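Colleague: Sequence below, structure please.
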Amino acid sequence: MNKIAILGISIVILLAGALQVALSSADGQADEWPTFMHDWRRTSITSASLPDELTLLWKYEIQGASIPSSPAVARGKVYFSARENYGKGENERLWVYALDVESGGLVWKRETDGGALFLSPSPTVVNGRVYVGSWDNYIYALNAENGGLIWRFYMEPPYPTINGVDGAPIVVDGRVYVGSWNGYMYCLNADDGSLIWRAKVPGHIIGSPSLANDLIYFGTGAGGENTTGEVYALNTNDGSEIWKFHVGDEISASPVIVDNVVHIGGGWMGFLSGDGIYALNAENGQLIWYYDSQNKPVSSTLVMADKVFFTSRGSLYALNANNGALVWSVELGGGTHGSPTGVDGKVVVGGGDGLYVIDASTGAILQHLKTYHFVWSTPAIAYGKVYFGSLDGTFYAYGSKGQAGTNITELLKWPLVIVCIVGVLGAIVALARRRSAPREFEAPASAPGEPLAIGVLNSKQYLC
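Modeller: Residues are numbered from 1 along each chain as shown. Below you'll find the model as predicted:
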């Protein structure tokens, strides 16, 4: 085999590797949904777009199960937890699922060691790992590709019957922040699950924490006879308390931080004074405004288009973000516990019989996707699709017609392949011409350490 052929094959191998890196990079840069409510501030807003009309692409059914948890979407997979043997008390079990985003096919599933009862933890996916809690008082770190156990951390329970982790963890800068029903906020090493610090607060922590300004924000329910809660801000370095704000009812919602304001709903079961939406100064916890939901429980919020959106007992509400005044409300066909998601000036939210797409300005219902069962799952939007679960054990993916199999990696794959092939052929031709040219016209050899001057192999130019 001559030198030109050997060099040509080597170039093909190098460009194939570059192509793989480019495709992997393109996939990683796609707008994904790695945790509950999209990001660490729990904004529930994505820069992705959705088609004007959503169509069912696929669904995955789990017999005898319920899916109240909210999904995470990363690296071509959608992750969620499901309560199997739903309604059978101690026989309920919590499973973590990973499905292919394009086909809905099962990639893997894993059972946790304990039951499920009413917990429905949402996973967080970071750096190839799935972090998720369970009713068995453990927080798990699983391999995102195959569900294999990497580590788990035990959180000692304070109550005989109310245990476990319900919220989605935060994973940032090599640390995992997660709250438990035992009343502790934990900070763990993301690599091995070792404890860095923990902070005890009265009562229990139900919702997912939020992170901004080097502070961890979360709400609590006191439990027992005292059913009032608090909003806390802790220092991320050591868990020390920066401020707290008293709320009249227990808090199951997650804080949403936008423009240095903490928006949080007070009220888990309702029927108590203090239920409603609070807007607090993120630096000191001072009250900016309060909306009274009239003793009704409220969801986590969505802050978008100068409005604050939330659900309460079967309706979606829109408040003025500056003063908390009611702008409009719309019924969602029955009870809902899910939180709204924002995209393209629209609100996407679950209702009593399916998913709704609502105009954020007017409250007009643009589309109603009927599942005929409660949708408590907060929708995740990624790759131009909407993913959510239903209480009947069915998981759905909606998008545009003919969209399946057209994520950003697929769209970029063939142009990149063509560019790389052209690059290989051009390099071979250039080398052949150089070999056949008279020696007196050959370019001088590059000095040690200087790059070979073949412009067609410029990876930055050709992205391969």
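Colleague: Once you drop chain neighbours, what's closest to Y186?
Modeller: Ranked by C-beta to C-beta, 6 or more residues apart in numbering and with sequence neighbours excluded, the top spatial neighbour of Y186 is R198, at 4.9 Å. (Glycine included, C-beta is placed from N, CA and C.)
Colleague: How about I251?
Modeller: In space, I251 is closest to G219, 2.9 Å off (C-beta to C-beta, 6+ apart).
Colleague: Residue ranges in the stretch 1-150 of the chain under the pLDDT threshold?
Modeller: 1-30, 86-90, 114-119 (pLDDT under 70).
Colleague: Could you pull out the strands in it for me?
Modeller: Along the stretch 1-150 of the chain, counting by DSSP state E, counting those that start in this stretch, strands occupy 55-61, 65-66, 72-74, 77-84, 93-100, 106-111, 124-126, 129-133, 138-143, 149-154.
Colleague: could you dump the ones you listed to CSV with distance to I251 and mean neighbour count?
Modeller: Converted to CSV, the strands of the stretch 1-150 of the chain look like this (distance: least, C-beta to C-beta, whole Å; neighbours: other C-beta atoms under 10 Å):
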stretch, distance to I251, mean neighbour count
strand 55-61, 32, 16
strand 65-66, 23, 24
strand 72-74, 23, 27
strand 77-84, 21, 25
strand 93-100, 23, 22
strand 106-111, 30, 16
strand 124-126, 20, 23
strand 129-133, 18, 26
strand 138-143, 20, 22
strand 149-154, 24, 15
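Colleague: Nearest to P255, out of those?
Modeller: Set against P255 and scored by C-beta to C-beta, these come closest in strand 124-126, at 16.0 Å.
Colleague: next one: the closest one to chain centre, how far?
Modeller: Chain-centre distance of strand 124-126: 7 Å, with C-alpha atoms, centre = their mean, to the nearest Å.
Colleague: List the neighbouring strands of that strand plus their orientation.
Modeller: Paired strands of strand 124-126, with direction, are strand 129-133 (antiparallel) (DSSP bridges).
Colleague: Contacts for the strand it pairs with, please.
Modeller: 72, 79, 81, 96, 98, 119, 121-125, 139-144, 147, 150, 164-169, 171, 176, 178, 180, 190 (C-beta atoms under 8 Å, 6 or more residues apart in numbering).
Colleague: Taking strand 93-100 as reference, get the angle to it.
Modeller: 150 degrees (axes from the mean of the first three to the mean of the last three C-alpha atoms, to 10 degrees).
Colleague: got the phi/psi numbers for the nearest residue to D275 once chain neighbours are set aside?
Modeller: Of all residues not flanking D275 in the chain, G267 sits nearest, at 3.2 Å (C-beta to C-beta, 6+ apart). For G267, the backbone dihedrals (degrees, to the nearest 10) come out as phi 130, psi 110.
Colleague: For T311, see how far away F80 is.
Modeller: As defined by C-beta to C-beta, to the nearest Å, F80 lies at a distance of 19 Å from T311.
Colleague: do the same with T378
Modeller: For T378, the distance to T311 (C-beta to C-beta) stands at 10 Å.
Colleague: ditto for G338
Modeller: Taken as C-beta to C-beta, the span from G338 to T311 is 6 Å.
Colleague: Need the residues touching each of the two.
Modeller: S299, V349.
Colleague: Give me the more crowded residue out of these two.
Modeller: Using other C-beta atoms under 10 Å, the more surrounded residue of G338 and T311 is T311, with 29 against 24.
Colleague: Could you report the pLDDT at that one?
Modeller: Reported pLDDT at T311 in the predicted model: 94.
Colleague: Excluding chain neighbours, what is closest to G193?
Modeller: G193's closest residue in space is W151 (C-beta to C-beta, 6+ apart), at 3.8 Å.
Colleague: Next, the contact list for that neighbour, please.
Modeller: Counting by C-beta under 8 Å, 6+ apart, W151 touches Y140, A141, D192, G193.
Colleague: quick one, what contacts the first one?
Modeller: Think Y140. Contacts of Y140 (C-beta under 8 Å, 6+ apart): V96, T112, V130, Y131, V132, G133, S134, L149, W151, R152.
Colleague: Quick check: bridge partners of the fifth one?
Modeller: Listed beta-bridge partners, V132: Y140 (assigned using DSSP bridges).
Colleague: what sits against the closest residue to T371 other than its chain neighbours?
Modeller: Of all residues not flanking T371 in the chain, G354 sits nearest, at 4.3 Å (C-beta to C-beta, 6+ apart). Each residue near G354 by C-beta under 8 Å, 6+ apart is listed here: G333, H368, L369, K370, T371, Y372, H373, V375.
Colleague: Next, give me the two most distant ones among the residues you listed.
Modeller: Greatest spatial distance among the contacts of G354 (C-beta to C-beta): H368 and H373, at 13.8 Å.
Colleague: more crowded one of those two?
Modeller: Remark: of H368 and H373, H373 carries more neighbours, 19 against 14, as counted by other C-beta under 10 Å.
Colleague: Where does the more buried one fall, secondary structure wise?
Modeller: Following DSSP states H and E, there is no helix or strand that holds H373.
Colleague: Give me the neighbour count for the residue nearest to it when sequence neighbours are not counted.
Modeller: Residue nearest to H373 in three dimensions, not counting chain neighbours: D392, with 4.0 Å by C-beta to C-beta, 6+ apart. By other C-beta under 10 Å, 18 other residues sit near D392.
Colleague: Mind pulling up the pLDDT for D392?
Modeller: On the pLDDT scale, D392 gets 91.
Colleague: for the residue nearest to Y186, what are its contacts?
Modeller: Contacts of R198 by C-beta under 8 Å, 6+ apart are Y184, M185, Y186, C187, G239.
Colleague: let's see it at 10 Å
Modeller: By C-beta atoms under 10 Å, 6 or more residues apart in numbering, the contact list for R198 reads M155, S180, N182, G183, Y184, M185, Y186, C187, L188, G239.
Colleague: next one: R313
Modeller: R313 neighbours (C-beta under 10 Å, 6+ apart): G270, S293, Q294, K296, P297, V298, E331, L332, G334, G335, T336, H337.
Colleague: For V375, see how far away it is.
Modeller: Distance from R313 to V375, by C-beta to C-beta: 15 Å.
Colleague: can I get the strands of the stretch 1-150 of the chain in CSV with distance to V327?
Modeller: As requested, those are exported to CSV (distance: least, C-beta to C-beta, whole Å):
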stretch, distance to V327
strand 55-61, 30
strand 65-66, 33
strand 72-74, 30
strand 77-84, 32
strand 93-100, 37
strand 106-111, 42
strand 124-126, 32
strand 129-133, 35
strand 138-143, 39
strand 149-154, 43
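Colleague: Nearest to A48, out of these?
Modeller: Judged by C-beta to C-beta, the one of the strands of the stretch 1-150 of the chain that comes nearest to A48 is strand 72-74, at 10.4 Å.
Colleague: Off-centre distance for the closest one?
Modeller: Counting by C-alpha atoms, centre = their mean, strand 72-74 is centred 6 Å from the centre of its parent chain.
Colleague: Show me what it is packed against.
Modeller: strand 77-84, strand 93-100, strand 124-126, strand 129-133, strand 380-382, strand 385-389 (3 or more C-beta pairs under 10 Å, 6 or more residues apart in numbering; DSSP states H and E).
Colleague: what's next to that strand, contact-wise?
Modeller: Contacts for strand 72-74 (C-beta under 10 Å, 6+ apart): 27-28, 30-36, 38, 78-80, 98-99, 101, 122-128, 130-132, 144, 168, 380-383, 385, 387, 397.
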